[in-house]
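Enquirer: Please find the sequence and the predicted model below.
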Amino acid sequence: MSPGGPTFRLVLVTPEGVRAERTVESAVMQAHDGSIGILPSRAPLLCRLDVGVLRVKVGDEVSRWFVDGGFARMLHDELTVLTSEAVPVGQLDRRTVEAALAEARHLPVTDEASRWRRARAVHRARTMLSLTEPVLTD
């Protein structure tokens, strides 16, 4: 689908490589201090990302990605998102995510570092779970 207005370049990168590279009209993501929207010709930006969803729009098409924190930089009409994991929302499996949440809830807490790891794992799994659609049965 071709863009209908002003655009910018999006590059989504994980340690495994470039997960997405495309021209988009807008992007919305979860920064560490709240949701942030990006439009073409935006002033330079560097921000830390929280676990959340990255929504990108091109024409009438909206793509959603689960993003596991990281950093975003907007410079010269190019948004670069660096994250440890990026998964298209349609590829999230509800059962797998529910199992990850159960596992995260049972992580042992022995000190502040382990308390933080458990809280982050639970937050990550809950965020992923919120992005999955429940399976409808007859």
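Expert: Looks like it arrived, so ask away. Numbers count the residues shown, from 1 in each chain.
Enquirer: Name the residues of the longest helix along the chain that are buried.
Expert: What stands out as the longest helix in the chain, according to DSSP state H, is helix 112-131. Neighbour counts using 16 or more other C-beta atoms under 10 Å place 118, 121, 122, 124, 125, 126, 127, 128, 131 of helix 112-131 among the buried residues. (C-beta placed from N, C-alpha, C; glycine too.)
Enquirer: Go ahead and confirm the first one touches residue 109.
Expert: Yep, that's residue 118 we're talking about. Yes - Residue 118 lies in contact with residue 109 (C-beta atoms under 8 Å); the separation is 5.5 Å.
Enquirer: which residues in the chain form helices?
Expert: Applying DSSP H to the chain gives helices spanning 94-105, 112-131.
Enquirer: starting at the chain centroid, how far to the last one?
Expert: Relative to the chain's own centre, helix 112-131 is displaced by 14 Å; criterion: C-alpha atoms, centre = their mean, to the nearest Å.
Enquirer: Keeping just the C-alphas, turn it into CSV.
Expert: C-alpha atoms of helix 112-131 as CSV (Å, rounded to 0.1, in the frame of the first residue of the first chain):
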residue,chain,number,x,y,z
GLU,A,112,16.4,-6.4,45.0
ALA,A,113,17.9,-7.6,41.7
SER,A,114,15.8,-10.7,41.6
ARG,A,115,12.7,-8.7,42.6
TRP,A,116,13.4,-6.4,39.7
ARG,A,117,13.9,-9.3,37.3
ARG,A,118,10.7,-10.9,38.4
ALA,A,119,8.7,-7.7,38.1
ARG,A,120,10.1,-7.1,34.6
ALA,A,121,9.4,-10.6,33.5
VAL,A,122,5.8,-10.4,34.8
HIS,A,123,5.3,-6.9,33.1
ARG,A,124,6.7,-8.2,29.8
ALA,A,125,4.4,-11.3,29.8
ARG,A,126,1.4,-9.3,30.8
THR,A,127,2.1,-6.8,28.0
MET,A,128,2.4,-9.6,25.5
LEU,A,129,-0.8,-11.2,26.8
SER,A,130,-2.7,-7.9,26.4
LEU,A,131,-1.7,-7.9,22.7
